[in-house]
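> no sequence on this one, just coordinates:
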C-alpha cells in the first residue's frame with residue numbers, strides 16, 4: 001500500500017471513526033447471526049414467511065395478501081394484516097443468498113441499523129459525543145436482546161431500526177427520505193405504528209413551531225404521501241380485521257391483563273431467561289429498561305433545573321422525559337384503567353411492548369446528558385458510559401442454542417410442518433375452524449363419486465381437473481376468505497364454505513370439469529391499492545421537484 005493510499009485510509013478513519021465504532025460494536029452483539037445453521041427463538045416463522053412472499057412474487061400476487069402453506073396447509077391472509085416490509089425485502093434478498101442467510105441478515109439489520117439513525121439525529125442536536133452515547137445506549141438496550149434472541153420479534157425490531165431515521169430526516173427537513181422511511185415504518189409493524197405515530201406528530205409539530213410553521217404545507221404533504229403509499233397495507237390491516245378471528249390475539253396468555261410488569265422488573269431485575277411472559281416477576285423473561293438508560297434519563301431531567309439550558313431545549317427535554325414516564329407507566333398494572341378505556345390497546349397483547357418507546361427515549365436523554373459537562377470532558381464521560389453499558393448488557397446478546405441445520409432440512413419434513421402449523425390461530429378467517437391435522441394434498445370428495453387430478457395450489461389461485469361419476473360435493477383444501485372466486489370451465493360458479501373447517505366447497509353434477517379458484521380483492525383492497533399507486537406518482541413528482 002503506497003503512501004497516498006495510507007493517507008486516504010487515515011483520513012477516512014479519522015472522519016468516520018464513530019460510524020466504524022458503532023458498526024464494530026454492532027458486530028460484537030450480532031456474532032451469533034454469522035454462525036452456520038440457525039438459532040433458537042420463539043417466533044421461528046420468519047423463514048416460511050419469506051418463502052411465502054417469494055411465492056407471491058412468482059404468482060404476481062402483488063401486493064401479497066394470501067399465503068398458501070400456512071394455516072397448516074389451508075392458507076390464510078397473513079400479509080393482509082401482518083407487517084410486510086421486512087418480508088418484501090427478505091424475499092428479494094433470498095434470491096441471492098437463500099432463506100436462512102436472509103433471515104439472519106434481516107435480524108442483523110434490525111438489531112444494528114437504528115443506532116446509526118439515532119447517532120445522526122442526536123449528533124445534529126447536541127454534538128458527536130452525545131450522538132455516540134445515544135447510539136451505544138440504543139444498541140445495547142436489553143429489550144433489543146429480548147426482541148432478537150429470545151422472542152425473535154423481527155418486524156418489531158425492524159420498526160425500531162427505522163423510527164430513528166424517520167425522526168432524523170424530519171429534523172433535517174429532508175422530506176423525500178422522510179416520506180420513504182415513514183412509509184416503510186407504517187408497513188413494518190402495526191403495534192409500533194400505534195406506539196410511535198403520536199411521537200412523530202409531536203416531534204414534527206415541535207420542529208414546525210421552531211421554524212414558525214414555515215414548512216407546514218410540505219410536512220402535511222409528506223404525511224399524506226407516506227400514508228397514501230402505505231394504504232395498500234394499512235387500510236385492509238385495520239379495516240378488515242373483522243374478517244379474521246381477532247379474539248385469538250387477545251385471549252389467555254395474550255391478554256394484556258396477564259402481562260403487566262413490576263417496578264422491580266423495570267428498573268432492577270437482571271436475571272436473564274428464555275422463557276415466556278407470565279404474570280409476576282417469576283416469569284422467564286427479563287423486561288428491564290437498562291440500568292444506564294433509566295439512570296441517565298433521571299439525570300437529564302434533574303440537571304436541567306440546575307444548569308443554564310436554552311428555553312427551547314428545556315421544553316424539549318421535559319416533553320421527552322414525560323413521554324419516557326408515560327411509556328414506562330403503560331407497562332405497569334396501575335395503567336390498567338387506560339387499557340380498559342382504549343379498546344385498540346388490547347391488541348398490544350403485552351404491556352411491556354411499550355419498552356420499545358422507553359429505550360428510544362432514554363437513549364436520546366442519555367445522549368443529552370453529555371452536553372451538561374464541559375466540552376473537554378465529554379469524550380471521557382462518553383467513554384465511561386459506553387464501557388459501563390457494554391459491561392452491564394453485552395452478555396444478554398446471545399441465543400439459548402444453535403441448530404446445525406441446512407436450508408433443505410428447514411424446508412422439509414417435521415421442521416417444515418412445524419412452520420406450516422405455527423401461529424395457526426393468528427389470522428384464521430372468521431368462517432374457519434382451527435385445523436387438527438395438515439390439509440390434504442388433494443380436494444376431498446365429501447359425497448358422491450369423482451376423480452381429481454392435476455391439483456395445483458398457488459398463492460393466489462388453485463386449479464384441478466375432475467371427472468364426476470356421480471353427483472358430488474368437493475371440498476378444496478383452502479380456507480374461504482373474501483374474495484375467493486370459483487370458476488368451472490372458465491365461468492363463475494357458486495361456492496360454499498359452511499363445511500366443518502370453513503374450506504371452499506362446490507357441488508358438481510356428472511361430467512368433466514376444469515375447476516379454478518382465484519383470489520380477488522375486496523372493494524376496500526382495490527381502493528387501497530389505487531391510493532398507493534396515486535401516491536407513488538405523487539412521491540416521484542415530489543422527488544423530481546426536490547432534486548431539481
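Cool, got the structure. Since we're looking at a predicted model, the values are computed, not measured. Numbering: from 1, shown residues only.
> in what helix or strand does the residue nearest the centre of the chain lie?
What sits nearest the mean C-alpha location of the chain, by Cα atoms, centre = their mean, is residue 155, with 2.1 Å. Residue 155 is part of helix 154-172, with elements assigned from DSSP states H and E.
> got the buried residues for that helix?
The neighbour-count check on helix 154-172 (16 or more other Cβ atoms under 10 Å) flags 154-171 as buried. All C-beta spots, glycine's among them, are computed from the backbone N, C-alpha and C.
> same thing with stretch 40-52?
41, 43-52.
> Now do the helices in the stretch 301-450 of the chain.
With helices called from DSSP state H, counting those that start in this stretch, the stretch 301-450 of the chain shows them at 311-329, 336-341, 355-369, 378-393, 407-410, 413-420.
> after the helix holding residue 155 comes which helix or strand?
Helix 154-172 is succeeded, C-terminally, by helix 175-186 (DSSP H and E).
> Low-confidence ranges, the stretch 351-500 of the chain, go.
By pLDDT under 70, the stretch 351-500 of the chain has no low-scoring segment.
> Also the stretch 151-300 of the chain?
If you take pLDDT under 70 as the line, the stretch 151-300 of the chain has these spans: 248-254, 277-284.
> Kindly report the domain assignment for the protein.
Domain assignment for the chain by automatic domain parsing gives 37-403, 444-524.
> what's the offset of stretch 94-105 from the middle of its chain?
Relative to the centre of its chain, stretch 94-105 is centred 18 Å away, using Cα atoms, centre = their mean, to the nearest Å.
> Oops, could you answer that again for stretch 337-346 instead?
Counting by Cα atoms, centre = their mean, stretch 337-346 is centred 22 Å from the centre of its parent chain.
> Flag every buried residue along that stretch.
Neighbour counts over stretch 337-346 (16+ other Cβ under 10 Å) mark 339, 345-346 as buried.
> all strands of this protein, in order?
38-39, 402-403, 444-457, 461-479, 484-488, 491-492, 503-508, 511-519 (DSSP state E).
> possible to save those strands as TSV with distance to residue 297?
Output for the strands of the chain, formatted as TSV (distance: least, Cβ to Cβ, whole Å):
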stretch	distance to residue 297
strand 38-39	32
strand 402-403	35
strand 444-457	52
strand 461-479	47
strand 484-488	51
strand 491-492	61
strand 503-508	53
strand 511-519	48
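> closest one to residue 177 among those strands?
strand 38-39 (32.5 Å; Cβ to Cβ).
> for that closest one, packing partners?
helix 99-126, strand 402-403 (3 or more Cβ pairs under 8 Å, 6 or more residues apart in numbering; DSSP states H and E).
> ranking those by burial, who's on top?
helix 99-126 (a mean of 22; mean count of other Cβ atoms under 10 Å).
> That helix: how far from the chain's middle?
13 Å.
> now the angle from that helix to helix 355-369?
With axes from the mean of the first three to the mean of the last three Cα atoms, to 10 degrees as the basis, helix 99-126 and helix 355-369 are set at 40 degrees to each other.
> Quick check: residue 379 vs residue 362, distance?
Using Cβ to Cβ, to the nearest Å, residue 379 is found at 22 Å from residue 362.
> now residue 223
Residue 223 is 27 Å from residue 362, by Cβ to Cβ.
> Could you check which of these two has the larger neighbour count?
residue 362 (30 against 17; other Cβ atoms under 10 Å).
> looking at it, the more buried one is touching residue 288, isn't it?
No. When contacts are counted by Cβ atoms under 8 Å, residue 362 is not listed as touching residue 288 (11.3 Å).
> what's the nearest residue to residue 367 if we skip its chain neighbours?
residue 134 (3.3 Å; Cβ to Cβ, 6 or more residues apart in numbering).
> Test my guess that that neighbour contacts residue 118.
Yes. At 5.0 Å, residue 134 counts as touching residue 118 under the criterion of Cβ under 8 Å.
> Give the residues shared as contacts by those two.
363-364, 367 (Cβ atoms under 8 Å, 6 or more residues apart in numbering).
> Narrow those residues to those that are buried.
Buried among these by 16+ other Cβ under 10 Å: 363-364, 367.
> Relative to residue 502, which of the buried residues of stretch 337-346 is nearest.
Each of the buried residues of stretch 337-346 was scored against residue 502 by Cβ to Cβ, and residue 346 proved nearest at 24.5 Å.
> quick one: that closest one from residue 82, how far?
Remark: distance between residue 346 and residue 82 (Cβ to Cβ) = 18 Å.
> if we can go back for a sec, closest one to residue 350 among the strands of the chain?
Minimum separation from residue 350 across the strands of the chain (Cβ to Cβ) falls at strand 38-39, 22.0 Å.
> what comes into contact with that closest one?
Here strand 38-39 has contacts from 32-33, 100, 103-104, 149, 399, 401-403, 405, 410, using Cβ under 8 Å, 6+ apart.
> will you turn those residues into CSV that also has distance to residue 111?
Shown next, in CSV, are the contacts of strand 38-39 (distance: Cβ to Cβ, whole Å):
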residue, distance to residue 111
32, 10
33, 8
100, 17
103, 13
104, 10
149, 9
399, 12
401, 19
402, 17
403, 19
405, 22
410, 21
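> which two in those residues are spaced the farthest apart?
149 and 410 (18.4 Å).
> Residue 509 and residue 469 touch, don't they?
No. Counting by Cβ under 8 Å, residue 509 stays clear of residue 469, with 10.8 Å between them.
> Which one of the two is surrounded by more residues?
Neighbour totals were compared for residue 509 and residue 469, and residue 469 leads with 13 against 10 (other Cβ under 10 Å).
> ok, the more buried one - contacts?
Each residue near residue 469 by Cβ under 8 Å, 6+ apart is listed here: 448-451, 510.
> try it again with 10 Å
445, 448-451, 510-511 (Cβ atoms under 10 Å, 6 or more residues apart in numbering).
> out of those residues, which are buried?
Among those, those scoring as buried are 445, 448, 450 (criterion: 16+ other Cβ under 10 Å).
> okay if I get those residues as JSON lines plus distance to residue 304?
Below are the buried ones among the contacts of residue 469 laid out as JSON lines (distance: Cβ to Cβ, whole Å):
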{"residue": "445", "distance to residue 304": "75"}
{"residue": "448", "distance to residue 304": "79"}
{"residue": "450", "distance to residue 304": "78"}
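> hang on, isn't residue 321 packed against residue 300?
Yes. Residue 321 sits in contact with residue 300 when judged by Cβ atoms under 10 Å, with a separation of 6.9 Å.
> so residue 204 sits right up against residue 170, yeah?
Yes. Residue 204 lies in contact with residue 170 (Cβ under 10 Å); the separation is 5.5 Å.
> any shared contact partners between the two?
Counting by Cβ under 10 Å, 6+ apart, the residues touching both residue 204 and residue 170 are 178, 182, 219, 222.
> Of the residues you listed, which is the nearest to residue 309?
residue 219 (26.5 Å).
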